[in-house]
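J.: Below are the sequence and a predicted model for it; my questions follow.
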Amino acid sequence: MDLFNDLIDSTENLLSYDGTVNYYGQIFSDEEAFGVFDSLLKEIQWKNDKAVVFGKVIETKRKVAWYGDIPFKYTYSNITKEALPWTDLLLKLKELVELKTNEKYNSCLLNLYHDGSEGMAWHSDGEKQLKPNGAIASLSFGAERKFAFKHKQTKEVIALQLASGSLLVMKDETQINWLHRLPPTTKVKLPRINLTFRTILV
Ligand SMILES: O=C(O)CCC(=O)C(=O)O
Ligand SMILES: [Fe+2]
């Protein structure tokens, strides 16, 4: 457990305006986080992410997976996926995150970054199928990575480190007003798994 975790106030809003982001720090010990990382690596049906760019289908090195209450169809980057049924571990993680954040979720997008060369470019999670202004809860396991927000108008950037076993929540108008990204870095040589719990409209 990070000694500094005691100093983290999960009720503090990291954004100065136009949205709410709360960082809970490590909600798992390093050892627990490693165990979860290992299980997810083995049991999740990881697939290379596909995107349509200028009409061409490209495959990213990053791997993804999509799970949910029912076989929701979810479209992003012009590709539609169908949610797989929850595994026992994913359900446990979902219930823990629901308890911690006092919100409900019905689906989860998972990302596997093999090392720092893989990241995610500036975007917001504002897909039409998502509940408007719904909370998105992000769990991280494995390598610690930098995560950043950029305001769409003012261009203000707010960055933080996402520790292994940590929880972050984005809610209210965050997706309307802010972009976020996971910057690539040559410093990180180890893999990271990220889970974002979301609410799909049914
Ligand atoms: O890997 C992360 O921390 C963020 C992933 C993300 O932004 C997304 O899946 O939409
Ligand atoms: Fe995102």
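T.: Good, I have the coordinates. Ligands and ions are numbered 1, 2, ... in the order given.
J.: Please report the number of neighbouring residues for the residue of the chain found nearest ligand 1.
T.: Nearest residue of the chain to ligand 1: N194, at 3.4 Å (C-beta to the nearest ligand atom). (Glycine included, C-beta is placed from N, CA and C.) Using other C-beta atoms under 10 Å, N194 has 22 neighbouring residues.
J.: my guess is L14 is in a strand, correct?
T.: No - counting by DSSP: H, G, I helix; E, B strand; the rest coil, L14 falls outside a strand, being coil.
J.: so what's it closest to, chain neighbours aside?
T.: V21 (4.3 Å; C-beta to C-beta, 6 or more residues apart in numbering).
J.: From the chain's centroid, how far away is the helix or strand hosting the one you found?
T.: Here V21, judged by DSSP states H and E, is contained in strand 20-26. Here the centre of strand 20-26 is set off from its chain's centre by 12 Å, with C-alpha atoms, centre = their mean, to the nearest Å.
J.: buried residues in that strand?
T.: For strand 20-26, burial by neighbour count (16 or more other C-beta atoms under 10 Å) applies to V21, N22, Y23, Y24, G25, Q26.
J.: Can you name every helix or strand that the strand or helix carrying the residue of the chain closest to ligand 1 contacts?
T.: Using DSSP H and E, N194 maps to strand 192-198. Packing partners of strand 192-198 (3 or more C-beta pairs under 8 Å, 6 or more residues apart in numbering; DSSP states H and E): helix 30-43, helix 88-101, strand 107-113, strand 136-142.
J.: how close does the residue in the chain sticking out farthest from the centre get to K128?
T.: Here the chain reaches farthest from its C-alpha mean at G55, the gap being 26.7 Å by C-alpha atoms, centre = their mean. For G55, the distance to K128 (C-beta to C-beta, to the nearest Å) stands at 21 Å.
J.: try A159
T.: On the measure of C-beta to C-beta, A159 and K128 end up 28 Å apart.
J.: So between the two, which is more surrounded?
T.: A159 (13 against 7).
J.: pLDDT score for the more buried one?
T.: Each residue has a pLDDT score; the one for A159 is 98.
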